[in-house]
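Participant: Predicted model and sequence below, questions to follow.
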Amino acid sequence: MVDVKKIHVLYRGLPVGILQMDPSRGVCVFEYDKSWLAEGFSLSPTELPLQSGLFYADKDKLGGVFATFEDSLPDGYGLYLLDRILRKQGSSLQGLTPLQRLSIIGSGGMGALTFQPVMTGFQAQEELEGEQQLDFLQEEALKVLSEKSGGDASLLYYNSANSGGARPKTVMRSRDSSHWLVKFRHTYDPLDIGKTELLYMQTARECGITIPRIGLVRDKYFAIERFDYAPDGQRVHVLTASALLKTDFRNQDVDYTNLLALTGYLTQDPVQVEEMFRRMVMNLVAVNKDDHAKNFSFICDAGKWSLAPAYDITYSPAGSNGEHATSLFYNGNPGLDLVLKAGTGIRIPESRCLEIIRTVQSTCEKNLPVLAKLIF
């Protein structure tokens, strides 16, 4: 594996800064480029404010990597595939430095940030056009995930765009040149998992939640348009709540009060705070307990932050020991009292909170086959 001493961080081809390792501290060090300081924006107001000088990552969080750049790395399915590829080459994920991992990502990750130098042999292929290869990729994914021989992990990785989440997926470009993620089922998923996610996302939209364009491909694969592309085809800077809060989503230490406060801090917009409250209510009512901090994102357009469209809203009852991945006042299965306390605490009138709750609950009751105990 090629050693990487320095990473150039780029945004739409423009130099943003330099990322290196500090051997004495064992952490990443970042410095903005002078041209970016003059014309650019903060990559993360909570971690990398737009100012000169060196930034040192927290040694006790994320293994000494900045959460801003950790967000570009795959997790779940993508990480599993990458580990399979590296082990086949006689290497391992554990043996890679943070800079080597980002070099593998290169320009193939989600969002607008890209990294140079680019590690050869790992870059994504052109996005699929048309639907003819989807059945083949589904079968390959099931082979790989069930640890059977013959599954092509490299092919799957190259087509996944380093996307996160547990379920297999691929990127695809539609006839109108828009960019989409298409999800496959995991070995433990029911055959109709795509139709289930479509129903839940359609219900979220009916509840008043902003979502991307969605669809069902070949009557079984759930597809969602990527919001990290602008209408003009330019990549958009996106960070998850996990990155902005500088936390590892696997630790499940984020509370909905954190998400509501973060939304207010970044957007300064009560309408978007109310939208986050609505998403919380939807997840509670619709039994989406896989509501961890990487399933909420924010878009930055020339320094102005906004709440990204919702995604990954589906029936997920297992959670963490039966509790939601994101708690509410540290309660993993909160009731109406805590929901109202969160809403009024962020300056949403109680009458408006109740109106949102009634709308979401009645819509979910009408549309969804399975509901949590109606606690509201």
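Facilitator: Looks like it came in fine. Numbering: from 1, shown residues only.

Participant: Spatially central residue for this protein, please.
Facilitator: In the chain, the centroid-proximal residue (Cα atoms, centre = their mean) is residue 294; its distance is 4.6 Å.

Participant: Count the neighbours of residue 228 for me.
Facilitator: Applying other Cβ atoms under 10 Å, we find 18 residues neighbouring residue 228. From N, CA and C alone the C-beta is placed, and that goes for glycine too.

Participant: same thing with the one 3 residues further on?
Facilitator: Applying other Cβ under 10 Å, we find 6 residues neighbouring residue 231.

Participant: and it, what helix or strand is that in?
Facilitator: Element membership for residue 231, per DSSP states H and E: none, as it lies in no helix or strand.

Participant: Which parts of the stretch 1-150 of the chain are helices?
Facilitator: 34-39, 67-70, 77-88, 98-105, 134-145 (DSSP state H, counting those that start in this stretch).

Participant: May I ask which helix or strand of the protein has the lowest mean pLDDT?
Facilitator: Lowest by mean pLDDT, DSSP states H and E among the helices and strands of the chain is strand 128-129, with a mean of 60.

Participant: Residue 68 - nearest residue in space that isn't next to it in sequence?
Facilitator: Leaving out its chain neighbours, the residue that sits closest to residue 68 by Cβ to Cβ, 6 or more residues apart in numbering is residue 44, at 4.5 Å.

Participant: Now do the one you found against residue 318, distance only.
Facilitator: 31 Å (Cβ to Cβ, to the nearest Å).

Participant: do the same with residue 345
Facilitator: From residue 345 across to residue 318, the span is 29 Å (Cβ to Cβ).

Participant: before we move on, what about residue 361?
Facilitator: In terms of Cβ to Cβ, residue 361 sits 22 Å off from residue 318.

Participant: Show me which of those two is the more surrounded one.
Facilitator: Applying other Cβ under 10 Å to residue 361 and residue 318 shows that residue 361 carries more neighbours, namely 21 against 10.

Participant: Wait, that one touches residue 285, no?
Facilitator: Yes. Between residue 361 and residue 285 there is a contact under Cβ atoms under 8 Å: 5.3 Å.

Participant: For the stretch 101-250 of the chain, give me the ranges with low pLDDT.
Facilitator: 120-130, 132, 148-155, 157-165 (pLDDT under 70).

Participant: residue boundaries of the strands in the protein?
Facilitator: Listed in chain order, the strands of the chain (DSSP state E) span 6-11, 14-22, 27-32, 55-56, 113-116, 128-129, 169-173, 179-183, 214-217, 221-225, 237-240, 297-301, 304-307.

Participant: Could you export those strands as a markdown table, including mean neighbour count?
Facilitator: A markdown table is the format used below for the strands of the chain (neighbours: other Cβ atoms under 10 Å):
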| stretch | mean neighbour count |
| --- | --- |
| strand 6-11 | 18 |
| strand 14-22 | 18 |
| strand 27-32 | 21 |
| strand 55-56 | 16 |
| strand 113-116 | 21 |
| strand 128-129 | 14 |
| strand 169-173 | 23 |
| strand 179-183 | 21 |
| strand 214-217 | 16 |
| strand 221-225 | 22 |
| strand 237-240 | 23 |
| strand 297-301 | 19 |
| strand 304-307 | 18 |
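
Participant: would CSV of those with distance to residue 201 be doable?
Facilitator: Shown next, in CSV, are the strands of the chain (distance: least, Cβ to Cβ, whole Å):
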stretch, distance to residue 201
strand 6-11, 30
strand 14-22, 33
strand 27-32, 36
strand 55-56, 37
strand 113-116, 27
strand 128-129, 21
strand 169-173, 15
strand 179-183, 11
strand 214-217, 5
strand 221-225, 7
strand 237-240, 18
strand 297-301, 15
strand 304-307, 16
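
Participant: Would you map out the domains in this structure?
Facilitator: 6-116, 128-159+165-225, 237-366 (automatic domain parsing).

Participant: And the longest helix seen in the chain, how far out from the chain middle?
Facilitator: Ranked by residue count and defined by DSSP state H, the top helix of the chain is helix 350-367. Taking the mean of its C-alpha atoms, helix 350-367 sits 26 Å from the chain's own mean (Cα atoms, centre = their mean, to the nearest Å).

Participant: Convert that helix to CSV, retaining C-alpha atoms only.
Facilitator: Written as CSV, here are the backbone C-alpha positions of helix 350-367 (Å, rounded to 0.1, in the frame of the first residue of the first chain):
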residue,chain,number,x,y,z
GLU,A,350,-47.3,23.8,22.5
SER,A,351,-50.4,24.2,20.3
ARG,A,352,-48.2,23.9,17.2
CYS,A,353,-46.4,20.8,18.6
LEU,A,354,-49.7,19.1,19.1
GLU,A,355,-50.9,20.0,15.6
ILE,A,356,-47.8,18.5,14.1
ILE,A,357,-48.1,15.4,16.3
ARG,A,358,-51.8,14.9,15.3
THR,A,359,-51.0,15.3,11.6
VAL,A,360,-48.1,12.8,11.7
GLN,A,361,-49.9,10.3,13.7
SER,A,362,-53.2,10.4,11.7
THR,A,363,-51.2,10.1,8.4
CYS,A,364,-49.2,7.2,9.7
GLU,A,365,-52.3,5.4,11.0
LYS,A,366,-53.9,5.8,7.6
ASN,A,367,-50.9,4.7,5.5
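
Participant: Run through who's touching it.
Facilitator: 199, 202-203, 206-208, 274, 277-278, 281-282, 285-286, 336, 339-340, 343-344, 371, 374, 376 (Cβ atoms under 8 Å, 6 or more residues apart in numbering).
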